[in-house]
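Q: Following is a predicted model, sequence given first.
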Amino acid sequence: MKRILFVLIAIALPLFAADSPRIYVSFEGASPSTVTLGKSAEVELHFKVKEGFHVNSNQPKSELLIPTTLKLEPPTDLAAGSITYPPGKDLSFPFDPSEKLNVYSDDFTVTAKMSATKTASPGNFTVHGQLRYQACSDNACYPPKSVPVQFDLQVVNQAKRAHGTTPQNPHIK
Amino acid sequence: MKRNAVAIVVLALVVAVMIFAGVRSSRGPKVSPMIGNAEPISSAEAKGKQAPDFALQDLQGRQVKLSDFRGKAVLLNFWATFCGPCKVEMPWLVELQKQYGPQGLEIVGVALDDSGKETIEKFAKEMGVNYTILQGQDAVGDAYGAVGLPATYYIDRSGKIIDSALGLVSRSEIEDNIKKSLSENKSEAETANGRAKATS
């Protein structure tokens, strides 16, 4: 049995290793977030571009360039609303100093508006998604890739009232 | 109990490998553009190896094989419309095709692009491309180890790769390699062509 296990692992490992993609953007995590039932909250997702590389911003200057886009697949009790991308930096690169490209390099943050349906149950939910990007270095470009994204969102019944504030509704004491 | 646990692990591994193999085989078209049993090469160790043969469609829908150019020196250039460095070298390739075409140079651009034939065609027209453009498939890029773009392979008249470059290099470096690919194995290729003509 042990021999079979060893053979299977030996077969499987190179298959996975051969397909391991070159990674130019990493997901660095999301700001902890809470959303009240029936309301929405903004979640900040942090990404890091590998040193020496850049990726197109969400609004590249040519339709031929592949924009950075985030797609989220929330569980049924949650909904993903608008996604806000940071403005890119206008930079030129050694391969064509005459042309400026709108890119992300180093760190960048994408904000996603998340909401919980009124019928959702309070608790912790995990949201999955992926960021699609196309990276280049100073002298070469690489095929588009996707980096998986995952973050937790806590759904609560009601936002906690801050100390010292007066209730606006006469029915709330 | 311990035996059962091992059996479950083995079963899980088998299922994982089967799923993985299924995902791999479902990617891309079923018919491989590669011809023959040439081993995939990596860009770094391409020099001296026989260029893997392939068949791809040009922009007119004709099937073109790399081996169709045997007897000519080939500059095989992997590119894409989203690739800025590729755009920089295209006017150089146009000039070099004009200059060295009469001596037996054939520049072949393989577009590794998901943007579709019309976009590739429009882009090539705007760039004034005067050389063969083929609609690429990932399998061809993989066979050459073209991990980035542009990736250029200099193939002599006998079909052997004499040099390669990943990323943008200078025009003079491209020209030097073209001269080398035109001169290497020239007599050998001419003899082979002569024999082929005599037998036909």
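A: Thanks, I have it. Since we're looking at a predicted model, the values are computed, not measured.

Q: Can I get stretch A:143-153 as CSV, trimmed to CA atoms?
A: The C-alpha trace of stretch A:143-153 is given here as CSV (Å, rounded to 0.1, in the frame of the first residue of the first chain):
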residue,chain,number,x,y,z
PRO,A,143,-0.1,36.3,-21.0
PRO,A,144,-3.1,37.4,-18.9
LYS,A,145,-3.3,35.6,-15.5
SER,A,146,-5.7,35.5,-12.6
VAL,A,147,-4.9,35.6,-8.9
PRO,A,148,-7.5,34.0,-6.5
VAL,A,149,-9.0,36.3,-3.9
GLN,A,150,-10.7,35.2,-0.7
PHE,A,151,-11.9,37.2,2.3
ASP,A,152,-14.3,36.9,5.3
LEU,A,153,-17.2,39.2,5.9
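
Q: Go through it and flag the buried ones.
A: A:143-145, A:147, A:149, A:151, A:153 (16 or more other C-beta atoms under 10 Å in any protein chain shown). (C-beta placed from N, C-alpha, C; glycine too.)

Q: Stretch B:167-184 vs chain A: in contact?
A: Yes - shown here: stretch B:167-184 in contact with chain A (C-beta under 8 Å from any C-beta of the partner chain) through B:167-169.

Q: where along the chain do the helices fall?
A: Looking at chain A here, since you left the chain open. A:2-19 (DSSP state H).

Q: not what I meant, chain B
A: Using DSSP H, helices in chain B cover B:2-26, B:84-100, B:117-126, B:138-144, B:171-183, B:186-199.

Q: before we move on, the earlier item: most neighbours out of the residues of stretch B:167-184 next to chain A, which is it?
A: B:Leu168 (27 neighbours; other C-beta atoms under 10 Å in any protein chain shown).

Q: need the contact list for that residue.
A: Residues near B:Leu168 by C-beta atoms under 8 Å, 6 or more residues apart in numbering or on different chains: A:95, A:139-140, B:85-86, B:88-89, B:150.

Q: How about A:Val55?
A: Counting by C-beta under 8 Å, 6+ apart, A:Val55 touches A:24-25, A:49, A:68, A:103-105, A:133-136.

Q: let's see 10 Å
A: A:24-25, A:47, A:49, A:66-68, A:88, A:103-105, A:108, A:131-136, A:142, A:144-145 (C-beta atoms under 10 Å, 6 or more residues apart in numbering or on different chains).

Q: same deal with A:Phe93?
A: A:54, A:99-101, A:103, A:136-139, B:84-85, B:88, B:168.

Q: min pLDDT across these, which one?
A: When the contacts of A:Phe93 are compared by pLDDT, A:Glu99 scores lowest at 88.

Q: From what I see, it and A:Lys61 are in contact.
A: Yes - with contact defined as C-beta atoms under 10 Å, A:Glu99 reaches A:Lys61; the gap is 8.4 Å.

Q: Within reach of chain B, which of the contacts of A:Val55 are there?
A: Contacts with chain B within those, as defined by C-beta under 10 Å from any C-beta of the partner chain: A:66, A:134-136, A:142, A:144.

Q: I'd like these laid out as TSV, including distance to A:Ile83.
A: What follows is these, written out as TSV (distance: C-beta to C-beta, whole Å):
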residue	distance to A:Ile83
A:Ile66	17
A:Gln134	18
A:Ala135	20
A:Cys136	23
A:Tyr142	24
A:Pro144	18
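
Q: Would you list the buried entries among these?
A: In these, burial by neighbour count holds for A:66, A:134-136, A:142, A:144, counting by 16+ other C-beta under 10 Å.

Q: which among the residues of stretch B:167-184 next to chain A gets closest to chain A?
A: Using C-beta to the nearest C-beta, B:Gly167 is the member of the residues of stretch B:167-184 next to chain A that lies nearest chain A, at 3.6 Å.

Q: Show me where chain A dips below the pLDDT cut-off.
A: A:1-21, A:159-173 (pLDDT under 70).

Q: what about the strands in it?
A: Under the criterion DSSP state E, chain A contains strands at A:25-30, A:33-36, A:40-49, A:54-56, A:69-73, A:78-84, A:89-93, A:96-104, A:107-116, A:123-133, A:135-136, A:145-156.

Q: Noted, bye for now.
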